[in-house]
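1. Pasted the sequence and its predicted model underneath.
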Amino acid sequence: MHTTNYVDTFIEVADDCPVDNAVEPPARADPTIAKLHYALVSAAPYALTSDDVVFETYARRAGVPESDRPAAREAFFAKGQPCLRSSPLGKRYGWGVHHDAQGRIALYARESDGYARLAADGQIAHVRAMRSSRSRS
């Protein structure tokens, strides 16, 4: 079974993120991946893992019934899935994602003291959100 979880890791905002201050993804009739990621994590900091958020986002967008979710989750993670480094939150909206020692996650606005503290913490691993595919080097 594959996983998207990290432990004791901070996913910093992408180098080419277009915002200086974190913004909440806009609401739409059909919630975007960014909006679902934001809603799930901001509602319960350090309660969910990356796997929980990635699967729940898929399940809601695909309309997977609650009764089918355990089997659907197993099938979903039978193959590799993109981790939160590819989330629009870190690529476009200015949010860092901290994974604690149990792999549970919370969001930090790039302009916040919490983000600065985590970005400077040498006791945890650091990775960057993926650059936008439209960026040119």
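-> Thanks, I have it.

2. Next secondary structure element downstream of the helix or strand Pro70 falls within?
-> Using DSSP states H and E, Pro70 maps to helix 69-76. Downstream of helix 69-76, the next assigned helix or strand under DSSP H and E is helix 88-91.

3. which secondary structure elements does that next one contact?
-> Under the contact definition 3 or more CB pairs under 8 Å, 6 or more residues apart in numbering; DSSP states H and E, helix 88-91 sits against helix 33-43, strand 95-99. C-beta coordinates here come from the backbone N, C-alpha and C atoms, glycine included.

4. Which of these sits closest to Glu74?
-> The closest of the helices and strands packed on helix 88-91 to Glu74 is helix 33-43. By CB to CB, the value is 19.9 Å.

5. and the closest one, what does it pack onto?
-> Packed next to helix 33-43, using 3+ CB pairs under 8 Å, 6+ apart, are helix 50-62, helix 88-91, strand 105-109.

6. how near is Arg73 to Arg117?
-> From Arg73 across to Arg117, the span is 33 Å (CB to CB, to the nearest Å).

7. So which of these two has more stuff around it?
-> Arg73 (19 against 12; other CB atoms under 10 Å).

8. which residues touch that one?
-> 55, 59 (CB atoms under 8 Å, 6 or more residues apart in numbering).

9. Distance check, it against Asn5.
-> Taken as CB to CB, the span from Arg73 to Asn5 is 13 Å.

10. Can you list the low-confidence ranges for this protein?
-> Where the chain drops to pLDDT under 70, the residues are 133-137.

11. separation between the most centrally placed residue in it and Ala29?
-> Residue closest to the mean C-alpha point of the chain, counted by CA atoms, centre = their mean, is Leu84 at 3.8 Å. Taking CB to CB as the measure, Leu84 falls 24 Å from Ala29.

12. Equivalent analysis for Ser112, please.
-> With distances taken as CB to CB, Ser112 is found 30 Å from Ala29.
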